[in-house]
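Asker: What shape does this take:
(2 chains)
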Amino acid sequence: MPTFLAAASTVTSGQKTLTIALFLVFVAVTLYITVYAGRKNRDATDFYAGGRNFSAMQNGIAIGGDYMSAASFLGIAGIIALNGYDGYLYSIGFLVAWLVALLLTAELMRNSGRFTMADVLAFRMRQRPVRVASGVSTIVVSIFYLLAQMVGAGALVALLLGANSLTAKNLTILIVGIIMIFYVIVGGMRGTTWVQIVKAVMLISGAALLTIFIAFKFGFSVSHLLGAAADKSGKGDAFLNPGQAFAKSSAGLTGKLDLISLGVALVLGTAGLPHILIRFYTVPTARDARRSVIWGIGIIGAFYLMTLALGFGAAALVGSADIKAQNAAGNTAAPQLAKKLGDDIFGTTGGTILLAVIAAVAFATILAVVAGLTLASSSSFAHDIYASSPRRKDSSEGQEVKVARVSAVVIGIVAILLAMKAQTLNVAFLVALAFAVAASANLPVILYSLFWKRFNTTGALFAIYGGLIAAVGLVFFSPVVSGKVTKGVNGAPDTSGSLFGLGTDFHWFPLDNPGLVSIPIGFLCGWIGTLLSKERDPAKYAELEVRSLTGVGMERATAGR
Amino acid sequence: MSTPVDDNPQYEVHAQSRHAAGVYEQIEDSDEFRELRHRFRSFVFPMTAAFLIWYLLYVILSAWARGFMAHKLAGNINVGFVFGLLQFVSTFLIAWLYSRYANSRLDPLSAEIRHRVEGSL
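Answerer: Just a heads-up that it's a prediction; the model follows:
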């Protein structure tokens, strides 16, 4: 069994101990910070928005922390390592997407909202239905994203600690879940933001270290690196050209449209991600929100440039055969690269240490991202669904925060249980789905709310539910859920490339990615819904427009903490 | 329109501001505010269209113009790779341009309006 041999040669007991030790140090440090930061939490503004007194730089780094998930660190490095050029496309979409947030949403939302996305959407609408719709779509996006990360954590522990049993994976998911719930209920937004900052600094440092080693190894020549990667890939020059992962020539027009669909969802999804949106509320002014996005763009851009080096470096130094032997999707390319670089430069001990460091960084990354998602969804449940309930006329902010904490526990437990159930399934599509839902259900309604005077309650409900149902429905009837067959190589049996196993096929939507269809549906539904209703409130739009552009009446930072 | 939520103390910020709605319409109609909105929209709308088209061009060429993207420019560096790097460059550039524009053209005007309005509310 080559898989076994490869695993045995990579995972040694010394490295395991070191990985676990480093991870425990990260957990200890962040738990301490969380408890310390949590002690300063007094009111709802502290819990939901960290008192709004983070600096632009701090929030910018935290934006990087919230955004650079294990999927992008391990996943993109892996796609590049196995498919060369096509992996690059992902990172570019993820980065360019930030311009939507910078130009169209960050400042206006900071000026006109308080704690959640719904604050802006419901501003001039009937509160209850719009808040509930917005809460539902926030929770759906967050759960998809959470599941992808937590299943990833289970898979990672198998690969990095050599623990392949289901029990070990379940245990990892449970531990990740418990720590994540703790961060959120004890630290609130303030604690979670500091966790993001610590994690982002670790991740950037780890990636930078590997990038520097690669740069030296290839004499600072990009061409040399690309050439070595192409040679070792076994695909030659084709490795550096489009078409290895997406829109293969065999897939014809469907493949090409699928690629466009993915690209569109990536670039339009970011600005609608709930855990990203609530970051804009943690700074004192709209100007700081703008500056924090610019910091975020700088950090995220630098990071994706480094994943390029990591991906091509892994292709050149580790080689696709060894990467695939560990993990067919390439998720271990970055850790394997760390091991190889360490071995080459410092000898076996160096390799062990470097692998342990990168593995610990990967765990820290997962932990921080899931905490951000849990916070976003529990905030939205408490602030939008619970507090707007007609029966809760008397609910105080203190009570609302209590509900937010309880819902963090509930959402955390649901995510743990679902992730345990889902870990034998192929859930690689969940991150892309989360982006597609965010782009289809959230972005249209945000843009209409901010820029279209005529927009009304019916329009908002149509846009949210229409986009949500279109995105989730099309994925359900797409090949990622049923009917895709991955041909076995070298006589190996065929496996299912879908969520359901071989033999189940009820797909009729040809594309893996729904964005190309579901995003226009979201916009179209919003437009139709608006025209169907006579509701108009020019006075409220005037207020929203003035407030969003000038910051009149904006929520203030908590002073002097 | 009165829903139970409108009476909820949580949303009293909005309820209070309703009395000032007339003021907001006056501001929205003022020359200064029109100028601010014009400056904001005349930068962000064309810029958004530009970067989306520029990005879509990259994705579309990756799907349909394989030969062009594979064309080697120097050593192993091909058109697609450079095109991708230019997406990074354009993103950084637009962020910088917007930051500069907002600092000099938007912030002073919006602060002026805000101070005036907050004095009158």
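
Asker: okay, CA-based contacts and neighbour counts for the rest of this
Answerer: OK.

Asker: residue contacts, A:Ile139?
Answerer: A:377, A:380-381 (Cα atoms under 8 Å, 6 or more residues apart in numbering or on different chains).

Asker: Among the residues you listed, which ones are in helices?
Answerer: Counting by DSSP state H, these place A:377, A:380 in helices.

Asker: So the closest residue to A:Phe506 other than its chain neighbours: helix, strand or coil?
Answerer: Once flanking residues are discounted, A:Phe506 sits nearest to A:Ser482: 6.2 Å by Cα to Cα, 6 or more residues apart in numbering or on different chains. Three-state assignment for A:Ser482 (DSSP: H, G, I helix; E, B strand; the rest coil): coil.

Asker: quick one: A:Ser482 from A:Gln149, how far?
Answerer: With distances taken as Cα to Cα, to the nearest Å, A:Ser482 is found 22 Å from A:Gln149.

Asker: okay, those two: which has more neighbours?
Answerer: Between A:Ser482 and A:Gln149, A:Gln149 has the larger neighbour count (other Cα atoms under 10 Å in any protein chain shown), namely 26 against 23.

Asker: Wait, the more buried one touches A:Phe73, no?
Answerer: No: between A:Gln149 and A:Phe73 there is no contact under Cα atoms under 8 Å: 11.7 Å.

Asker: Next up, phi/psi of the residue sitting furthest away from the middle of chain B, please.
Answerer: Ranked by distance from the centre of chain B (Cα atoms, centre = their mean), the top residue is B:Gly75, with 38.8 Å. Main-chain torsions, B:Gly75, degrees, to the nearest 10: phi 60, psi -130.

Asker: Distance of it relative to chain A?
Answerer: 6 Å (Cα to the nearest Cα, to the nearest Å).

Asker: Could you count how many residues lie near the closest residue to that residue other than its chain neighbours?
Answerer: Of all residues not flanking B:Gly75 in the chain, A:Ser223 sits nearest, at 5.6 Å (Cα to Cα, 6+ apart). Neighbours of A:Ser223 under the rule other Cα under 10 Å: 15.

Asker: Output those of the contacts of A:Ile139 also counted as contacts of chain B.
Answerer: Among these, proximity to chain B is found for none (Cα under 8 Å from any Cα of the partner chain).

Asker: Strands along chain B, start to end?
Answerer: Counting by DSSP state E, chain B has strands at residues B:72-74, B:77-78.

Asker: okay, B:Leu97: pLDDT?
Answerer: If you check B:Leu97, the pLDDT there is 98.

Asker: Please report how far it lies from B:Ile60.
Answerer: In this view, B:Leu97 and B:Ile60 are 26 Å apart by Cα to Cα.

Asker: tell me the mean pLDDT over stretch A:251-259?
Answerer: Mean predicted confidence for stretch A:251-259 is 88.

Asker: So it, near chain B or not?
Answerer: Yes: using Cα under 8 Å from any Cα, stretch A:251-259 reaches chain B at A:256, A:259.

Asker: quick one, longest helix in chain A?
Answerer: Longest helix in chain A, counting by DSSP H: helix A:127-161.

Asker: Run through who's touching stretch B:61-76.
Answerer: Contacts for stretch B:61-76 (Cα under 8 Å, 6+ apart): A:223-224, A:226-227, A:240-243, A:247, A:256, A:259-260, B:78-81.

Asker: let's see 6 Å
Answerer: For stretch B:61-76, the surrounding residues in contact (Cα atoms under 6 Å, 6 or more residues apart in numbering or on different chains) are A:223, A:227, A:241-242, A:256, B:78-80.

Asker: What about those, which one has the most neighbours?
Answerer: A:Pro242 (29 neighbours).

Asker: can you confirm that residue is in a helix?
Answerer: No: counting by three-state DSSP, A:Pro242 is located in no helix; its state is coil.

Asker: how close does it get to A:Leu89?
Answerer: 9 Å.

Asker: Likewise for A:Asp237?
Answerer: The gap separating A:Asp237 from A:Leu89 is 17 Å, by Cα to Cα.

Asker: Looking at those two, which is more packed in?
Answerer: A:Leu89 (24 against 18).

Asker: need the residues of chain A near chain B, please.
Answerer: A:96, A:103, A:223, A:227, A:241-242, A:256, A:388, A:390, A:393, A:539, A:542-543, A:550, A:552 (Cα under 6 Å from any Cα of the partner chain).

Asker: among those residues, which one has the lowest pLDDT?
Answerer: Out of the residues of chain A next to chain B, that is A:Lys393, at 62.

Asker: Give the full set of residues in contact with the spatially most central residue of chain B.
Answerer: Nearest residue to the geometric centre of chain B (Cα atoms, centre = their mean): B:Val44, 4.4 Å. Going by Cα under 6 Å, 6+ apart, B:Val44 touches A:Leu103.

Asker: any low-confidence regions in the stretch 351-500 of chain A?
Answerer: A:392-395, A:426-428, A:488-492 (pLDDT under 70).

Asker: which residues of it fall in helices?
Answerer: A:397-422, A:430-437, A:443-451, A:457-476 (DSSP state H, counting those that start in this stretch).

Asker: Go through the first one and flag the buried ones.
Answerer: When you say that, I think you mean helix A:397-422. A:397, A:400-401, A:403-409, A:411-413, A:415-420, A:422 (16 or more other Cα atoms under 10 Å in any protein chain shown).

Asker: Ok, stretch A:25-39 next?
Answerer: For stretch A:25-39, by 16+ other Cα under 10 Å, it's A:26-27, A:30-31, A:33-35, A:37-38.

Asker: likewise stretch B:89-101?
Answerer: Buried residues in stretch B:89-101, counted by 16+ other Cα under 10 Å: B:90-92, B:94-95, B:98-99.

Asker: got the CA coordinates for that stretch in PDB?
Answerer: Extracted as PDB, the C-alpha positions of stretch B:89-101 are listed here (Å, rounded to 0.1, in the frame of the first residue of the first chain):
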ATOM      1  CA  VAL B  89      -1.600  44.400  -9.400                       C
ATOM      2  CA  SER B  90      -4.900  46.000 -10.600                       C
ATOM      3  CA  THR B  91      -6.500  45.000  -7.300                       C
ATOM      4  CA  PHE B  92      -3.800  46.700  -5.200                       C
ATOM      5  CA  LEU B  93      -3.800  49.700  -7.600                       C
ATOM      6  CA  ILE B  94      -7.600  50.200  -7.400                       C
ATOM      7  CA  ALA B  95      -7.500  49.900  -3.600                       C
ATOM      8  CA  TRP B  96      -4.800  52.600  -3.500                       C
ATOM      9  CA  LEU B  97      -6.600  54.900  -5.900                       C
ATOM     10  CA  TYR B  98      -9.900  54.600  -4.100                       C
ATOM     11  CA  SER B  99      -8.200  55.300  -0.800                       C
ATOM     12  CA  ARG B 100      -6.600  58.400  -2.200                       C
ATOM     13  CA  TYR B 101      -9.800  59.600  -3.900                       C
END
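
Asker: Can you pull out the residues in contact with that stretch?
Answerer: So stretch B:89-101 is contacted by A:Val96 (Cα under 6 Å, 6+ apart).

Asker: cool, stretch A:195-202 as well?
Answerer: A:30, A:61-62, A:65, A:368.

Asker: How are the helices of chain B distributed by residue range?
Answerer: B:12-19, B:21-28, B:31-64, B:66-70, B:79-101, B:107-120.

Asker: okay if I get these as JSON lines plus distance to A:Lys339?
Answerer: Formatted as JSON lines, the helices of chain B follow (distance: least, Cα to Cα, whole Å):
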{"stretch": "helix B:12-19", "distance to A:Lys339": "56"}
{"stretch": "helix B:21-28", "distance to A:Lys339": "61"}
{"stretch": "helix B:31-64", "distance to A:Lys339": "33"}
{"stretch": "helix B:66-70", "distance to A:Lys339": "32"}
{"stretch": "helix B:79-101", "distance to A:Lys339": "27"}
{"stretch": "helix B:107-120", "distance to A:Lys339": "50"}
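
Asker: Which stretch among those helices approaches A:Pro514 most closely?
Answerer: helix B:31-64 (16.3 Å; Cα to Cα).
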